[in-house]
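Colleague: everything below, folded, please.
(one chain, ligands or ions: 3)
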Amino acid sequence: MSQSSFRILVLPGDGVGPEVMEQAVRILKHVEAQSDTHFDLEYALAGGCAIDAHGTPLLDETMERARASHAVLFGSVGGPKWEGLGFNLRPEIAILRLRKELNLFANLRPATLFTPLIDASTLKPEVIGGLDLMIVRECAGGLYFGEPRGIETLRNGDKRGFNTETYSTQEIERVGRVAFQLASDRRNQVCSVEKANVTESGLVWREVMSALHAREFPDVTLRHMYADNCAMQLVRAPRQFDVIVTGNMFGDILSDLASMLTGSLGMLPSATIGATKAELFNPAIYEPIHGSAPDIAGKGIANPMAQILSVAMMLRLSLGMPKQAAQVEQACIDALAAGARTPDLGGDFCTEQVGNAILAQLERLTSSAV
Ligand SMILES: NC(=O)c1ccc[n+]([C@@H]2O[C@H](COP(=O)([O-])OP(=O)(O)OC[C@H]3O[C@@H](n4cnc5c(N)ncnc54)[C@H](O)[C@@H]3O)[C@@H](O)[C@H]2O)c1
Ligand SMILES: CC(C)[C@H](C(=O)O)[C@@H](O)C(=O)O
Ligand SMILES: [Mg+2]
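Modeller: Ligands and ions are numbered 1, 2, ... in the order given. Reported below is the predicted structural model:
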């Protein structure tokens, strides 16, 4: 029997990043032991810890290792310790650089309510039950990268900070295609979100999405929505959405909002990809949407689910292991049903205990599957 081997670059980062990554790697090692696959895990520093060790948030050498990997498993970066540093020396540059230089432009953020968490959601069961939406966030352009940007000092001594949101036809079409193709394997509905009533970039976004829809995806239902209304609709009636596609900044904000519908920010994984076909995915980045959670870092109580569910996305999208991906997801659901909850979900489990519970469920699932 031939054994496949995958190179995975593991970047735990700062704060709770290493704490949740430890549990995710335990799960990954279990999957490896149960399959005919070898995971070659390479570790490197990224973010604040890389600034402390090397004076830069991401070494060029780490960037090269990312390029040579099948996938990057990313934790989270940042924290108050590094806030006083210059703007260009921020831990967050590590993840922005990885996304940009790996040419990854679509960040998939699924907000799924696992049934055992129906009481943990911010919404009533009749409004939230069965929630399953996918936010496709453009992540290589928009306000995050547009030029000009900077800080200038005015003649009166005041400071002025400025950023620019730009979106071109090509940038919108490539992320729009990802959204339409995902929708055609789901409930066939795309909601495109911008502020076309206020910004030119939003207006172009709306026009390009309409033209792409008419030309390439007429069988998918497309509607347009302003971002402010979308935020309200996500809280009022979130099940109306199947796939939401939006720009970099709105996607960042709306996905944190959507995470609370599922019970906690610690529940949402993500995949950051550069194409729609699995063979073109590599190297993609798999990362929870949450940050380094400085307020709970070091306490051992961070919810590891988002990091572990990011492993499931990696197994499915980059490593061609959909069965194992589904098993990891099911193990998370079963662990939640058995009461494994960190404090963000109203429980009293620590990070490691949740890892233990998921691992126990995974062992049960994989042994009964043989
Ligand atoms: N991808 C990333 O690396 C990433 C993402 C977001 C924020 N950040 C950075 O993280 C730092 C802190 O940012 P913030 O406080 O605004 O956002 P955050 O996501 O770190 O935390 C927001 C709140 O959610 C809670 N939380 C987050 N993850 C959790 C988990 N797994 N389990 C339980 N609770 C969790 C935190 O305790 C906090 O109360 C900043 O430096 C920010 O730039 C990094
Ligand atoms: C840390 C930061 C650069 C990042 C982003 O804004 O993309 C984070 O908030 C996220 O959601 O992944
Ligand atoms: Mg964010």
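Colleague: I'd like the average pLDDT over stretch 206-219.
Modeller: When pLDDT is averaged over stretch 206-219, the result is 98.
Colleague: er, stretch 77-89 actually
Modeller: The pLDDT scores in stretch 77-89 average 88.
Colleague: likewise for stretch 47-66?
Modeller: Stretch 47-66 comes out at a mean pLDDT of 97.
Colleague: cool, and stretch 302-314?
Modeller: 98.
Colleague: quick one: stretch 76-93 near ligand 1?
Modeller: Yes: taking C-beta under 6 Å from any ligand atom as the criterion, stretch 76-93 and ligand 1 are in contact, through 76-79, 92. To be clear about C-beta, it is placed using only N, CA and C from the backbone, and glycine gets the same treatment.
Colleague: again with stretch 324-334
Modeller: No: shown here: stretch 324-334 not in contact with ligand 1 (C-beta under 6 Å from any ligand atom), separated by at least 13.2 Å.
Colleague: which of the residues in that stretch are buried?
Modeller: Buried residues in stretch 324-334, counting neighbours by 16 or more other C-beta atoms under 10 Å, are found at 324-325, 327-334.
Colleague: if we can go back for a sec, just the residues of stretch 76-93 next to ligand 1: which are in strands?
Modeller: Ser76 (DSSP state E).
Colleague: which one of the residues of stretch 76-93 next to ligand 1 is nearest to ligand 2?
Modeller: Distance to ligand 2, by C-beta to the nearest ligand atom, is smallest for Glu92 among the residues of stretch 76-93 next to ligand 1, at 4.0 Å.
Colleague: returning to that earlier point: among the residues of stretch 76-93 next to ligand 1, which ones lie close to ligand 2?
Modeller: Within the residues of stretch 76-93 next to ligand 1, those near ligand 2 by C-beta under 6 Å from any ligand atom are 78, 92.
Colleague: of all the residues of stretch 76-93 next to ligand 1, which comes closest to Leu345?
Modeller: For the residues of stretch 76-93 next to ligand 1, the minimum distance to Leu345 (C-beta to C-beta) is 18.2 Å, reached by Ser76.
Colleague: from what I see, the closest one and Leu11 are in contact.
Modeller: No: counting by C-beta atoms under 8 Å, Ser76 stays clear of Leu11, with 9.6 Å between them.
Colleague: overlap in contacts of these two?
Modeller: By the contact definition C-beta atoms under 8 Å, 6 or more residues apart in numbering, Ser76 and Leu11 are jointly contacted by Gly47.
Colleague: who has more neighbours, these two?
Modeller: Taking neighbours as other C-beta atoms under 10 Å, Ser76 and Leu11 compare with Ser76 leading, 32 against 29.
Colleague: and stretch 16-29, what's buried?
Modeller: 16-28.
Colleague: what about Ala66, which SS state?
Modeller: When classified by DSSP: H, G, I helix; E, B strand; the rest coil, Ala66 comes out as helix.
Colleague: next, the contact list for it, please.
Modeller: Contacts of Ala66 (C-beta under 8 Å, 6+ apart): 9, 72, 98, 102, 283.
Colleague: and the pLDDT for the closest residue to Pro283 other than its chain neighbours?
Modeller: Of all residues not flanking Pro283 in the chain, Ser69 sits nearest, at 4.8 Å (C-beta to C-beta, 6 or more residues apart in numbering). pLDDT for Ser69: 95.
Colleague: who are the contact partners of Ser69?
Modeller: By C-beta under 8 Å, 6+ apart, Ser69 lies in contact with 7-9, 42, 282-283.
Colleague: try Val243
Modeller: By C-beta under 8 Å, 6+ apart, the neighbours of Val243 are 133-136, 179, 182-183, 186, 189-191.
Colleague: nearest to ligand 2, of the residues you listed?
Modeller: Checking those one by one against ligand 2 (C-beta to the nearest ligand atom), the nearest turns out to be Ile135, at 10.8 Å.
Colleague: could you report the neighbour count for the closest one?
Modeller: Residues near Ile135, counting by other C-beta under 10 Å, number 29.
Colleague: element containing it, please.
Modeller: Assessed by DSSP states H and E, Ile135 sits inside strand 132-138.
Colleague: how distant is that strand from the center of its chain?
Modeller: Here strand 132-138 is found 9 Å from its chain centre; the criterion is C-alpha atoms, centre = their mean, to the nearest Å.
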